[in-house]
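Sequence and predicted structure below; questions after.
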Amino acid sequence: MIQTAGVARPPELHPAAAADRRLYAACFGTGTPATVGDLLDAMVDAAGAAIGDGDPAAMAYFTNWHPGYRGATPASIMASAPAPADVRLAVARGYGFADWAGAERSRDRPFDTMFEAAADAVADGDEGSLADLLAARPLLVRDRSPLGHAATLLHYAAANGVEFRRQVSGPMAPVVAERLLAAGAEVDALADTYGGGTSQTVLVLLLTSGHPAQAGVTNAVVEVLLRHGADPNGVKADGAPLRAARRVGNLGAVARLTAAGATD
């Protein structure tokens with residue numbers, strides 16, 4: 001059942017998400033970028049300038065997304081003084097593009113203000129705002145981000161592979177997922193997160209995300225997804241959900257997926 005529209009207490013932000021929100025706000029204030037290029041150019045400049053201060057958002061772009069810096073310490077990143085090309089690559093990959101050239105090809109894509117507002121509402125657990133946006137434009141549930149990951153709104157509920165500032169989860173996550181699915185969201189839609197492939201369903205991204213696990217809501221969202229028809233065996237019967245649950249040691253999800261028909 002969908003609960004009464006509203007907002008629970010704000011979800012707790014991971015330091016990288018909180019820092020990325022600050023970096024984004026420093027670039028755009030209360031406004032929003034018009035195009036993908038506007039976003040990327042501003043974030044490249046901001047992240048590049050913040051490296052010397054060890055800013056957590058700048059560090060996260062490198063340790064999470066730059067292939068030459070994964071797992072590096074902030075001190076080593078700062079000492080290496082990354083070149084502008086490295087900053088561009090880290091930020092491009094952080095927004096779901098394979099490289100800066102791929103981001104450049106997409107720089108003229110416009111942002112849809114309603115989709116962006118809905119993505120914020122999903123991340124923040126603001127079911128009331130989300131419900132209003134869906135009532136105004138029901139097909140939002142089928143729209144996709146213009147960024148490289150091409151996430152649907154439901155993918156944002158998994159808090160994985162999308163923009164750092166929106167990798168957030170909290171007690172309203174199951175309610176938000178229910179709202180989106182009841183409105184017609186495609187439960188097993190694939191995104192291009194992490195390069196694409198059959199593991200980029202909401203179910204698998206959810207199971208491998210630390211944010212809903214930290215918030216204690218992973219299995220509640222799993223339940224919502226399965227009730228709305230998510231395939232426990234994966235979109236091509238490749239067993240990806242069950243492997244993901246086992247990989248992170250989520251025994252409750254393993255049991256629930258198995259009960260729903262998942263097999264090795």
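All right, it came through fine.

mind listing the helices for the stretch 101-250 of the chain?
Applying DSSP state H, counting those that start in this stretch to the stretch 101-250 of the chain gives helices spanning 113-124, 127-136, 153-156, 173-182, 202-207, 210-215, 218-227, 240-247.

Mind checking the ones you listed for the one nearest to A79?
Nearest to A79, of all the helices of the stretch 101-250 of the chain, is helix 210-215, at 27.5 Å by Cβ to Cβ. To be clear about C-beta, it is placed using only N, CA and C from the backbone, and glycine gets the same treatment.

Can you give me the buried ones in that closest one?
Within helix 210-215, the residues scored as buried using 16 or more other Cβ atoms under 10 Å are H211, P212, A213, A215.

Quick one: residues in contact with that helix.
With contact meaning Cβ atoms under 8 Å, 6 or more residues apart in numbering, helix 210-215 is reached by 11-12, 14, 158-160, 167-171, 173, 206, 218, 221, 248, 250.

So for this structure, which residue is the most central one in space?
Nearest to the mean C-alpha position of the chain, by Cα atoms, centre = their mean, lies V162 at 2.8 Å.

Could you dump the helices of the stretch 101-250 of the chain into TSV and include mean pLDDT?
Formatted as TSV, the helices of the stretch 101-250 of the chain follow (pLDDT from 0 to 100):
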stretch	mean pLDDT
helix 113-124	98
helix 127-136	98
helix 153-156	98
helix 173-182	98
helix 202-207	98
helix 210-215	96
helix 218-227	98
helix 240-247	97
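
Next, count neighbours for G197.
Neighbourhood size, G197 [other Cβ atoms under 10 Å]: 16.

what's the closest non-adjacent residue to the residue nearest to the centre of the chain?
Among residues not flanking V162 along the chain, A151 sits closest, at 5.1 Å (Cβ to Cβ, 6 or more residues apart in numbering).

In terms of residue numbering, what are the domains of the chain?
According to automatic domain parsing, the chain comprises the domains 15-105, 113-259.

got any ranges where this structure has weak pLDDT?
Along the chain, segments meeting pLDDT under 70 span 1-10.

make it 90
The model of the chain has pLDDT under 90 over residues 1-16, 30, 71, 263-264.

Check it for me, the residue farthest from its geometric middle.
Largest separation from the mean C-alpha position in the chain: A79, at 29.6 Å (Cα atoms, centre = their mean).

need the contact list for that one.
Shown in contact with A79 (Cβ under 8 Å, 6+ apart): no residues.

ok now do the residue nearest to the centre of the chain, which residues does it touch?
Residues in contact with V162 (Cβ under 8 Å, 6+ apart) are G96, A119, S145, L147, H149, A151, H155, Y156, T193.

Any chance of those in CSV with distance to A185 and neighbour count as columns?
Shown next, in CSV, are the contacts of V162 (distance: Cβ to Cβ, whole Å; neighbours: other Cβ atoms under 10 Å):
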residue, distance to A185, neighbour count
G96, 19, 26
A119, 13, 25
S145, 14, 26
L147, 18, 22
H149, 16, 22
A151, 12, 29
H155, 9, 29
Y156, 11, 30
T193, 16, 22
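
farthest-separated two in these?
Top of the distance list for the contacts of V162 (Cβ to Cβ): A119 and T193, 13.9 Å.

Between those two, which contacts overlap?
Residues touching both A119 and T193 (Cβ under 8 Å, 6+ apart) are A151, V162.

Just put the contacts of V162 in a markdown table and tack on distance to Y61.
A markdown table is the format used below for these (distance: Cβ to Cβ, whole Å):
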| residue | distance to Y61 |
| --- | --- |
| G96 | 13 |
| A119 | 19 |
| S145 | 18 |
| L147 | 14 |
| H149 | 14 |
| A151 | 18 |
| H155 | 20 |
| Y156 | 19 |
| T193 | 16 |
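
Surely N233 touches T258?
No. Between N233 and T258 there is no contact, the gap being 10.6 Å when judged by Cβ atoms under 8 Å.

These two: which is more packed in?
Set N233 next to T258 and count neighbours by other Cβ under 10 Å: N233 wins out with 17 against 14.

list the contacts for that one?
By Cβ under 8 Å, 6+ apart, the contact list for N233 reads G239, P241, L242, G261, A262, T263.
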